[in-house]
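Peer 1: sharing a model prediction with you, sequence too.
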Amino acid sequence: MKEIKSWQETLTTGWARHPLWAFERHGSAHEIDCYYITDAEGAWTIRVSILETGQLSEYRISVHDRKTGETMEKAVQRHFHQSRYTLNETSGSEESVHFSCDEMRIAFIRKDSRRNLLFCAPDMLFPGKGKGLDARFILSQPDDLESLCTMRVRKNSRHSFLYERRLNCMSAQGTLRLGDSTYETKDLTAELLSIRGHQPQKNPRLSISCSTRVDGQMVGLDLTSGGESAVVIGNRLHKLPSVREENGRFTSSDGKLDIAFESTQSPEDRRDTAYGWCNGKLVLGDGTEVTIPRTPAFIVRSR
């Protein structure tokens, strides 16, 4: 994938194992950083995200309970709002992003191999558990951890591109308060979905992500129907064949990949993220067979 220096250069569709992008920001473009943190037993997943389009900013915190199937969520929107969240010219190793209002506070801080997430929602209700959420997590990103980075471009429109980075296999620990209970958490897994640019495709795509341990190694799975797919094993990314999705099952035409997703949400829940469990098998390019045990996962529908 070519490095992007400016809007004047040709944008090339492709994929890479590390971030390569760098471009000047002209006009409005979608920018989103979305973190998913899951506890060791898979009982819950917390999503915290910041989205900016130039005209609209959205800040969202949600907690999904896999035991009850409920998702508690708080979202705040601001029109023509500028938080400290603007696209850097390069994917540097240090950044600080934050937003604060009466309903919530969010801060993303990255320095070297650590990412600090601090967020709270004082009025978020948890049935039977009280009110309020406070969280402080430290995410560790090994220097040699590879991730799936993709660029998609709409034909004959070099201004319409979409850059995505899907970063799996981060470990996390920290403090979490849900209502009346406070937890000192460790052995958490974390994923990051980072998007820059415009949406180049008309049809929505389904992507499934998970991180788990298999035979003592961290394994991160990212499958996208009609897009690029990969698995990270021991920090090394392995490209996978194209997959298709049907009724929550992701398969490849050569029969070397079969991953099933079981949702824990109500069928009436139409949010863009669906939470649940996945399991299955896949075969790498060298013939190695990898079994994915039942592990917490989530599906994202791009629009």
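Peer 2: Perfect, I can see it now. All figures in this text were calculated on a predicted structure; none of them were measured in a lab.
Peer 1: Thr182 versus the residue nearest the centre of the chain, what's the distance?
Peer 2: In the chain, the C-alpha nearest the mean C-alpha coordinate belongs to Leu193, at 2.9 Å (Cα atoms, centre = their mean). According to Cβ to Cβ, to the nearest Å, Leu193 and Thr182 sit 28 Å apart. C-beta coordinates here come from the backbone N, C-alpha and C atoms, glycine included.
Peer 1: just Phe108 next, same as before
Peer 2: For Phe108 relative to Thr182 (Cβ to Cβ), the value is 22 Å.
Peer 1: quick one, which of the two is more surrounded?
Peer 2: Each of Phe108 and Thr182 has its neighbours counted (other Cβ atoms under 10 Å); Phe108 has more, 23 against 10.
Peer 1: now do the contacts for the more buried one.
Peer 2: Under the criterion of Cβ atoms under 8 Å, 6 or more residues apart in numbering, the contact list for Phe108 reads 33, 35, 50, 95-98, 115-117.
Peer 1: and it, which of the three is it?
Peer 2: In the three-state summary, Phe108 is assigned as strand, counting by DSSP: H, G, I helix; E, B strand; the rest coil.
Peer 1: going forward, count from 26.
Peer 2: Sounds good: first residue 26 from here, last item Phe133.
Peer 1: bridge partners for it, pull those for me.
Peer 2: According to DSSP bridges, the partner residues bridging Phe133 are Val122, Leu142.
Peer 1: which of the contacts of Phe133 lies closest to Glu270?
Peer 2: Tyr60 (23.7 Å; Cβ to Cβ).
Peer 1: figure out the helix or strand that that closest one lives in.
Peer 2: Following DSSP states H and E, the helix or strand that holds Tyr60 is strand 55-63.
Peer 1: swap in Asn193?
Peer 2: Assigned by DSSP H and E, Asn193 belongs to strand 182-203.
Peer 1: output the contacting helices and strands for that strand.
Peer 2: Secondary structure elements in contact with strand 182-203, counted by 3 or more Cβ pairs under 8 Å, 6 or more residues apart in numbering; DSSP states H and E, are strand 139-151, strand 155-165, strand 173-179, strand 206-222, strand 230-239, strand 242-249.
Peer 1: what's the angle between it and strand 155-165?
Peer 2: Relative orientation of strand 182-203 with respect to strand 155-165: 120 degrees, computed using axes from the mean of the first three to the mean of the last three Cα atoms, to 10 degrees.
Peer 1: now do the buried residues in strand 182-203.
Peer 2: Applying a neighbour-count criterion of 16 or more other Cβ atoms under 10 Å, the buried positions in strand 182-203 are 185-197, 199, 201, 203.
Peer 1: can I get that strand in CSV, CA atoms only?
Peer 2: Once non-C-alpha atoms are left out, strand 182-203 reads as follows in CSV (Å, rounded to 0.1, in the frame of the first residue of the first chain):
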residue,chain,number,x,y,z
SER,A,182,-13.0,9.3,-7.0
ARG,A,183,-9.7,9.7,-5.3
HIS,A,184,-11.2,12.0,-2.6
SER,A,185,-13.5,9.2,-1.5
PHE,A,186,-11.3,6.8,0.5
LEU,A,187,-11.6,4.8,3.7
TYR,A,188,-8.6,3.9,5.8
GLU,A,189,-9.2,1.4,8.6
ARG,A,190,-6.9,0.0,11.3
ARG,A,191,-8.0,-3.0,13.4
LEU,A,192,-5.8,-3.5,16.3
ASN,A,193,-6.3,-6.7,18.3
CYS,A,194,-4.5,-8.6,21.1
MET,A,195,-3.9,-5.7,23.4
SER,A,196,-3.8,-6.6,27.1
ALA,A,197,-5.5,-4.3,29.6
GLN,A,198,-5.9,-3.7,33.4
GLY,A,199,-7.4,-1.0,35.5
THR,A,200,-10.2,0.1,37.8
LEU,A,201,-13.9,0.0,36.9
ARG,A,202,-17.0,1.1,38.9
LEU,A,203,-20.4,0.0,37.7
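Peer 1: sorry, back to before: closest one to Leu81 among the helices and strands packed on strand 182-203?
Peer 2: Among the helices and strands packed on strand 182-203, the nearest to Leu81 by Cβ to Cβ is strand 206-222 (14.9 Å).
Peer 1: mind listing the residues bridging to Val239?
Peer 2: Beta-bridge partners recorded for Val239 (DSSP bridges): Gln242.
Peer 1: from the helices and strands packed on strand 182-203, which stretch is densest packed?
Peer 2: Across the helices and strands packed on strand 182-203, the average number of neighbours (mean count of other Cβ atoms under 10 Å) peaks for strand 242-249, which reaches a mean of 23.
Peer 1: mind checking what helix or strand follows it in sequence?
Peer 2: strand 254-258.
Peer 1: put the alpha carbons of that following strand into PDB.
Peer 2: Written as PDB, here are the backbone C-alpha positions of strand 254-258 (Å, rounded to 0.1, in the frame of the first residue of the first chain):
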ATOM      1  CA  SER A 254      -9.500 -10.500   6.600                       C
ATOM      2  CA  ALA A 255      -6.600 -11.600   8.900                       C
ATOM      3  CA  VAL A 256      -5.700 -13.400  12.000                       C
ATOM      4  CA  VAL A 257      -2.900 -12.300  14.500                       C
ATOM      5  CA  ILE A 258      -1.000 -15.100  16.200                       C
END
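Peer 1: understood, closing this out.
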